[in-house]
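Novice: predicted model and sequence follow; I will ask about them next.
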Amino acid sequence: MRDYLNTNAPTHFLFPIDGDHLNERDGNVKGDTLYFTATVRSAPNCKVTVNGVPATEENGLYCATVCVKEGKNTLSVKNKTDGTEATALVYFSTRVTGKYRISSDDNILFLYDITKNKDTYTSIFDNPYLAVYKKAHDLYGAKVHLNLFYAFDREAAKRFSLERPDFDLSMVTDKFKAEWEANADWLKLSFHANAEYPDNPYVNATAEQITADYHNVRREVLRFAGEATFSVAATTVHWGSANAECTAALRDLGHRVLAGYFTLTKHGNPSVSYYAPASLVGHVTHRDFWTDTQMGMHFSRIDRVTNIGTLEEVMEDVKAVVADPYCGGFVSIMIHEQYFYEDYKNHRPDFEARVLEPAKYLCEHGYTGTHLADVLDALY
């Protein structure tokens with residue numbers, strides 16, 4: 001397995017690691033330059049420099065104050081005593097901090113409702129589920145990203161008490177295409193998976209499978225909502241899991257950033273972390289973004305899933321994230337569509353509040369809504 005932290009190398013960065021994204025909270029900013037402390041592990045009692053700056057040492061741990069500019073930067077450490085060295089590609093942007101996003105996974109049922117009521121609805125926002133996000137946008141400037149299943153089937157229907165027919169995106173009405181396009185600046189649709197089951201569909205899948213599933217979703221979204229509405233650059237894959245082959249396929253399809261939890265279970269296993277091993281997840285969980293520089297894919301950490309726990313617990317966590325010096329620069333909150341419906345087994349009666357209250361808090365604390373693709377554009 002690849003050693004993403006390069007811990008086996010005689011000289012290696014502890015912070016930042018290759019692919020890290022830095023922000024103002026990591027040091028001091030002067031103009032377009034961030035000054036921060038880089039930390040390196042190397043043999044003790046040696047002469048070590050980071051980007052030419054002599055490092056101070058204590059028991060083989062070396063520190064040096066260095067600087068990076070907006071965009072991509074290469075850090076280089078050299079042990080001039082034993083000749084070992086290492087590099088790390090890192091990113092820095094002053095235009096990422098103070099932004100937030102709302103995303104929702106497992107979406108398809110609202111499109112069935114809009115299609116069923118196409119002759120009575122005068123707007124897509126007559127749908128009560130979409131109306132929640134419209135309110136978040138109108139009141140708090142939220143930008144919203146909905147990740148779509150291609151199909152709703154009998155297996156998914158088992159979790160609902162009311163009868164729900166099979167449905168897929170090829171059946172969605174295109175009556176409201178112009179309205180979708182008119183709201184595409186703040187409301188995006190993207191690929192999530194073919195269907196809710198099986199769980200973790202892309203952990204052992206092939207590039208051909210995920211590519212076919214992606215094209216099925218994209219084709220229909222372009223038909224009923226227009227190209228501007230479909231997000232090519234960013235998504236959350238179902239369960240936030242995909243092997244390296246499937247991730248590379250998404251990269252080749254145009255994806256630049258994938259969102260996930262990047263947390264560890266109580267047993268120390270990666271959760272909703274794509275193909276990242278536990279050692280890497282333990283680092284990324286404390287950052288807003290990380291980039292696999294070999295894969296050519298950016299990853300964004302979802303800070304809070306708001307359908308989990310009580311609303312009070314959700315808000316406590318959102319406040320804690322904002323206060324965190326390393327995770328609070330960019331805040332990402334997420335929810336799942338099915339929790340909106342009264343007949344769902346785990347229905348959340350306060351679903352609307354679980355979207356609006358975090359958005360309100362973030363807005364009142366100076367955060368502005370954005371899309372992941374727009375955040376990454378700030379790095380280039």
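Specialist: Yep, it's here. From a predicted model like this one, the values you see are computed outputs, not experimental measurements.

Novice: any weak-confidence spans in the chain?
Specialist: Along the chain, the parts satisfying pLDDT under 70 run over 378-380.

Novice: who are the contact partners of the closest residue to H365 other than its chain neighbours?
Specialist: The shortest distance from H365 to any non-neighbouring residue, by CB to CB, 6 or more residues apart in numbering, is to V322 (6.0 Å). Where C-beta positions appear, they are placed from N, C-alpha and C, glycine not excepted. The contact partners of V322, by CB atoms under 8 Å, 6 or more residues apart in numbering, come to 328, 331, 361-362, 365, 367.

Novice: does the residue nearest the centre of the chain sit in a helix, a strand or a coil?
Specialist: By CA atoms, centre = their mean, the chain has its centre lying nearest to A259, at 2.3 Å. For A259, the assignment made with DSSP: H, G, I helix; E, B strand; the rest coil gives strand.

Novice: repeat that for A131.
Specialist: Criterion first, three-state DSSP; result for A131: helix.

Novice: kindly report the same for the one 3 residues further on.
Specialist: Under three-state DSSP, K134 falls in the helix class.

Novice: and it, how far is that from D303?
Specialist: Separation of K134 from D303 (CB to CB, to the nearest Å) stands at 23 Å.

Novice: the two: who's more crowded?
Specialist: For K134 versus D303, the count of surrounding residues by other CB atoms under 10 Å is larger for D303: 23 against 18.

Novice: just checking, that one touches A323?
Specialist: No. If you go by CB atoms under 8 Å, D303 and A323 don't touch, sitting 11.8 Å apart.

Novice: can you count the residues close to the residue lying closest to K99 once chain neighbours are set aside?
Specialist: Leaving aside its sequence neighbours, K99 sits nearest to T370 (CB to CB, 6+ apart; 4.3 Å). Residues lying near T370 (other CB under 10 Å) number 21.

Novice: OK, contacts around T370?
Specialist: Residues in contact with T370 (CB under 8 Å, 6+ apart) are 99-101, 143.

Novice: can you tell me the element the residue nearest to H365 falls in?
Specialist: Using DSSP states H and E, V322 sits within helix 311-323.

Novice: following that helix, which helix or strand shows up next?
Specialist: Counting by DSSP H and E, the element after helix 311-323 in chain order, helix or strand, is strand 330-336.

Novice: and that next one with helix 311-323, angle?
Specialist: Interaxial angle of strand 330-336 relative to helix 311-323 (axes from the mean of the first three to the mean of the last three CA atoms, to 10 degrees): 160 degrees.

Novice: which secondary structure elements does strand 330-336 sit against?
Specialist: Where contact means 3 or more CB pairs under 8 Å, 6 or more residues apart in numbering; DSSP states H and E, strand 330-336 is packed against strand 99-107, strand 297-301, strand 304-305, helix 311-323, helix 351-364.

Novice: moving C-terminal from the last one, which element do we reach first?
Specialist: Once helix 351-364 ends, the next helix or strand along the chain (criterion: DSSP H and E) is strand 368-369.

Novice: what packs against the following helix or strand past that next one?
Specialist: On the C-terminal side of strand 368-369, the nearest following helix or strand under DSSP H and E is helix 372-377. Helix 372-377 sits against strand 234-235, strand 257-260, strand 297-301, with contacts defined as 3+ CB pairs under 8 Å, 6+ apart.

Novice: what's the burial count for the closest residue to E245 other than its chain neighbours?
Specialist: Distances taken as CB to CB, 6+ apart place A207 nearest to E245, at 5.2 Å, with adjacent residues excluded. Using other CB under 10 Å, A207 is surrounded by 18 other residues.

Novice: quick check, A207 in contact with A244.
Specialist: No. Counting by CB under 8 Å, A207 stays clear of A244, with 10.0 Å between them.

Novice: quick one on the thing from earlier: out of the contacts of T370, flag the one nearest to Y275.
Specialist: Closest to Y275 out of the contacts of T370 is R101 (23.0 Å), distances taken as CB to CB.

Novice: any idea how far Y133 is from that closest one?
Specialist: 12 Å.

Novice: list the residues that contact both of the two?
Specialist: Residues within reach of R101 and of Y133 at once, by CB under 8 Å, 6+ apart, are 142, 144.

Novice: for C67, what are its contacts?
Specialist: Contacts for C67 (CB under 8 Å, 6+ apart) come out as 33-36.

Novice: tell me the one of those nearest R95?
Specialist: L34 (12.6 Å).

Novice: and the closest one, how many neighbours does it have?
Specialist: Neighbour number of L34 under other CB under 10 Å is 24.

Novice: surely it and H21 touch.
Specialist: No. Look at L34 against H21 with CB under 8 Å: they stay out of range, at 11.2 Å.

Novice: any shared contact partners between those two?
Specialist: Residues touching both L34 and H21 (CB under 8 Å, 6+ apart) are F92.

Novice: any idea how far F125 is from the residue lying closest to A249 once chain neighbours are set aside?
Specialist: What sits nearest to A249 in space, not counting adjacent residues and going by CB to CB, 6+ apart, is A207, at 3.8 Å. Computed as CB to CB, the A207 to F125 distance reads 37 Å.

Novice: same check on Y91?
Specialist: Taking CB to CB, one finds Y91 at 37 Å from F125.

Novice: again with S231
Specialist: S231 sits 19 Å away from F125, taking CB to CB as the criterion.

Novice: go on, L187?
Specialist: 10 Å.

Novice: how about P16?
Specialist: Per CB to CB, P16 is found 43 Å from F125.

Novice: one more: I102?
Specialist: Taking CB to CB as the measure, I102 falls 16 Å from F125.

Novice: and those two? which has more neighbours close in?
Specialist: Set I102 next to F125 and count neighbours by other CB under 10 Å: I102 wins out with 27 against 21.
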